[in-house]
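Peer 1: below are the sequence and a predicted model; questions follow.
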Amino acid sequence: MNGRLHPFPGYRTRLAEADIQEALTRRGAVLVEGVRWCGKTSTALGFARSALRLDDPDARVLAEADPVEALRGDTPRLIDEWQNAPHLWNRIRRECDERATPGQFILTGSASPGDDITRHTGTGRIARVTMRPMSLFETGASDGTASLCQLFAGDTITRAAISDVGLREVASWICVGGWPAHIGLDEAAGRRSARDHLQRGRQEPVAPAREGHSAAPAGPCWSAGHHGARTCVPTP
């Protein structure tokens, strides 16, 4: 991470950083996708040298009135919550073609605007990186000695990797979730915060499924375990 916009205080290193760094070396733009609250913006700020924050009404006015000016700035330029100005997608694709230099833009957003046949897919210009809530290794609950990825690859667990952590601790980590905002909270506060987040997810409308695609379950996805293990919690 070598941007001028430093991450938020208390920021912890994320596994996705390596994927973002690599993508910035080979594509004009990188789209960082993931559920709301998983840390996309704070991670992207560690790479960005300028930013357009589209949760700001003034920034949205600028993006609508003058897209070229909105994209001007030191690179990589972060376009945060890009779905609030979806017309910028094609403009960014065009800028990537014209500049012909990797690492120009980082896009972050928790939602995808509706399909638009005029919006190019971004193939060859915009790489995609998926972020999820923090793994136990990222939160500090695991030292990384045992990895699910390595186990599925056929590695065996050594005696040194056997932990005395009990079911009670594991259940607590699952209930609190891997949300960066929960770092430092006690279990009770973390569980209340997770419940609030789930309630907000239940209240948001679910986009209709596109033709040929199945509908996604309502409610956020919760991370548990090592590097990408997650469970989607459906709501009634």
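Peer 2: Cool, got the structure.

Peer 1: list the contacts for residue 124?
Peer 2: When contacts are counted by CB atoms under 8 Å, 6 or more residues apart in numbering, residue 124 is found next to residue 27. Any C-beta I mention is one placed from the backbone N, CA and C, and that applies to glycine too.

Peer 1: quick check, pLDDT for it.
Peer 2: Predicted confidence (pLDDT) at residue 124: the value is 82.

Peer 1: against residue 108, how distant is it?
Peer 2: 21 Å (CB to CB, to the nearest Å).

Peer 1: can you pull the buried residues of stretch 145-152?
Peer 2: 146, 147, 150 (16 or more other CB atoms under 10 Å).

Peer 1: quick one: mean pLDDT over it.
Peer 2: Averaging the model's pLDDT scores along stretch 145-152 yields 78.

Peer 1: ditto for stretch 31-45
Peer 2: 92.

Peer 1: then it to CSV, C-alphas only?
Peer 2: Below are the C-alpha coordinates for stretch 31-45, written out as CSV (Å, rounded to 0.1, in the frame of the first residue of the first chain):
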residue,chain,number,x,y,z
LEU,A,31,-13.3,-2.7,-9.0
VAL,A,32,-13.3,-3.8,-5.3
GLU,A,33,-16.6,-5.6,-4.7
GLY,A,34,-18.0,-6.9,-1.5
VAL,A,35,-20.8,-6.7,1.1
ARG,A,36,-21.4,-3.4,2.9
TRP,A,37,-19.2,-2.8,5.9
CYS,A,38,-16.5,-5.3,5.1
GLY,A,39,-13.8,-2.6,4.7
LYS,A,40,-13.5,-1.9,1.0
THR,A,41,-13.2,1.9,1.3
SER,A,42,-10.6,1.8,4.1
THR,A,43,-8.5,-0.7,2.2
ALA,A,44,-8.7,1.2,-1.1
LEU,A,45,-7.7,4.4,0.6
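
Peer 1: which of the three states applies to residue 31?
Peer 2: Of the three states, residue 31 takes strand according to DSSP: H, G, I helix; E, B strand; the rest coil.
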